[in-house]
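>>> sequence plus the predicted model coming up.
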Amino acid sequence: MEHPSSTNYEIAQVCLLAGKIMLENGGETYRVEDTMSHVAKAFGIPNSHSFVTPTGIIFSIDGPEQTTRLIRISARSTDLHKVTVVNAISRQISRGELTPSEAHWLLEEIEVAKAGYPTWIKILSAAIASGCFLMMFQGKWSDFLPAFVAGGAGFAFLGYFHRLVPIKFFAEFLASLLIGTMAFLFVSLKLGHDLDIIIIGSVMPLVPGLLITNAVRDLMAGHFVSGVSKGAEAFLTAFAIGAGIAFVLSFYSGEGMMG
């Protein structure tokens, strides 16, 4: 017969891995805690506690053989497909269809799985979204191509800059700087007309919409630490985008005045 402490350890590992995958791929704090609690209860652990922040998860199991584990979250991105798959595995566990070892094996496969879409599709999607946002903001069809190109290039170089510069703020600043420069060049070469609308449409794929949504949702659910920290991260991203565009506009407006 397996010792209870080793069983608790294995269950804690499953809960932590499920929470880690969800948190790293855009899951809300309340959803992560709820999933971990349901998994623990399904495995016969009614008394479990979790403390989730954007940078780490603490999970504890009460009882004679108390188990407390901590896992660090160092990278965060957006892949809601992985969040959905983890939710599906959680429901399988609740129905008693998986053992802790089987669940851990499935979660490990999800963790190492590559993103659902290749990079070129993401870049193309960002480019199309930029053009569509331009039209939504009442832009002209003549500005669709400049927004398409600038938005796609900005999104592509965001990933490139982030690999070169591990600090996310500078990668976002450089990407928005590139978008602003390209938009200005398109207008200068008479390939575009409305500089403001082109820039607004092109930067929309960089806007931290999911972060803002999760921050508000966590604050409403009473998760103030996670809500405030995600809100601060969203604010820094917005500030980086605004600073990059402001730098381009101030530089070229200064050049125009000198000319």
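All right, it came through fine. Residues are numbered from 1 along each chain as shown.
>>> make it CA atoms for all contacts and neighbour counts henceforth
Will do.
>>> need the three-state assignment for Ile212.
helix (DSSP: H, G, I helix; E, B strand; the rest coil).
>>> so what's it scoring on pLDDT?
Predicted confidence (pLDDT) for Ile212: 87.
>>> what's around it, how many residues?
18 (other Cα atoms under 10 Å).
>>> and it, how far is that from Ala232?
Counting by Cα to Cα, to the nearest Å, the gap from Ile212 to Ala232 is 9 Å.
>>> against Cys15, how distant is Pro208?
Pro208 is 28 Å from Cys15, by Cα to Cα.
>>> who's more crowded, the two?
Cys15 (26 against 16).
>>> thought the more buried one was touching His38?
No. Using Cα atoms under 8 Å as the test, Cys15 is too far from His38 to be in contact (9.1 Å).
>>> how is the chain divided into domains?
Split into domains by automatic domain parsing, the chain comes to 4-112, 119-258.
>>> so which residues of this structure form strands?
With strands called from DSSP state E, the chain shows them at 48-53, 56-61, 67-72.
>>> which strands and helices lie in contact with the first one?
Think strand 48-53. helix 29-42, strand 56-61, helix 224-258 (3 or more Cα pairs under 8 Å, 6 or more residues apart in numbering; DSSP states H and E).
>>> what pairs with that strand, and is each one parallel or antiparallel?
With DSSP bridges as the test, strand 48-53 is paired with strand 56-61 (antiparallel).
>>> what about the strand it pairs with, average pLDDT?
Per-residue scores along strand 56-61 average to 89.
>>> just stretch 92-112 next, same as before
Here the average pLDDT along stretch 92-112 is 89.
>>> quick one: that stretch to chain centroid distance?
24 Å (Cα atoms, centre = their mean, to the nearest Å).
>>> just put the helices and strands packed on strand 48-53 in CSV and tack on distance to Thr181 and mean neighbour count.
Listed next are those as CSV, based on distance: least, Cα to Cα, whole Å; neighbours: other Cα atoms under 10 Å:
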stretch, distance to Thr181, mean neighbour count
helix 29-42, 37, 20
strand 56-61, 38, 19
helix 224-258, 6, 17
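>>> okay if I get the ones you listed as a markdown table plus distance to His81?
What follows is the helices and strands packed on strand 48-53, written out as a markdown table (distance: least, Cα to Cα, whole Å):
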| stretch | distance to His81 |
| --- | --- |
| helix 29-42 | 15 |
| strand 56-61 | 21 |
| helix 224-258 | 21 |
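>>> who wins for proximity to Asn87 among those?
With Cα to Cα, the closest approach to Asn87 among the helices and strands packed on strand 48-53 belongs to helix 29-42: 7.3 Å.
>>> the closest one packs against which elements?
Helix 29-42 packs on helix 4-24, strand 48-53, helix 80-94, helix 209-220, going by 3+ Cα pairs under 8 Å, 6+ apart.
>>> check contacts around the closest residue to Thr67 other than its chain neighbours.
In space, Thr67 comes closest to Ile61 once its chain neighbours are excluded; the distance is 5.1 Å by Cα to Cα, 6 or more residues apart in numbering. By Cα atoms under 8 Å, 6 or more residues apart in numbering, the residues touching Ile61 are Asn8, Ala12, Ile45, Asn47, Ser48, His49, Thr67, Thr68.
>>> just those residues: which has the poorest pLDDT?
Minimum pLDDT across these falls on Thr67, with 77.
>>> I'd say that one and Tyr9 touch.
Yes. Between Thr67 and Tyr9 a contact is recorded at 6.5 Å, counting by Cα under 8 Å.
>>> of all the helices and strands packed on helix 29-42, which one comes closest to Ala238?
Across the helices and strands packed on helix 29-42, closest to Ala238 is helix 209-220 (Cα to Cα), at 10.0 Å.
>>> other SSEs contacting that closest one?
helix 29-42, helix 224-258.
>>> hmm, 6 Å instead?
helix 224-258 (3 or more Cα pairs under 6 Å, 6 or more residues apart in numbering; DSSP states H and E).
>>> what is the mean pLDDT for the helix it packs on?
82.
>>> give the other helices and strands that it contacts.
By 3+ Cα pairs under 6 Å, 6+ apart, helix 224-258 packs against helix 168-188, helix 209-220.
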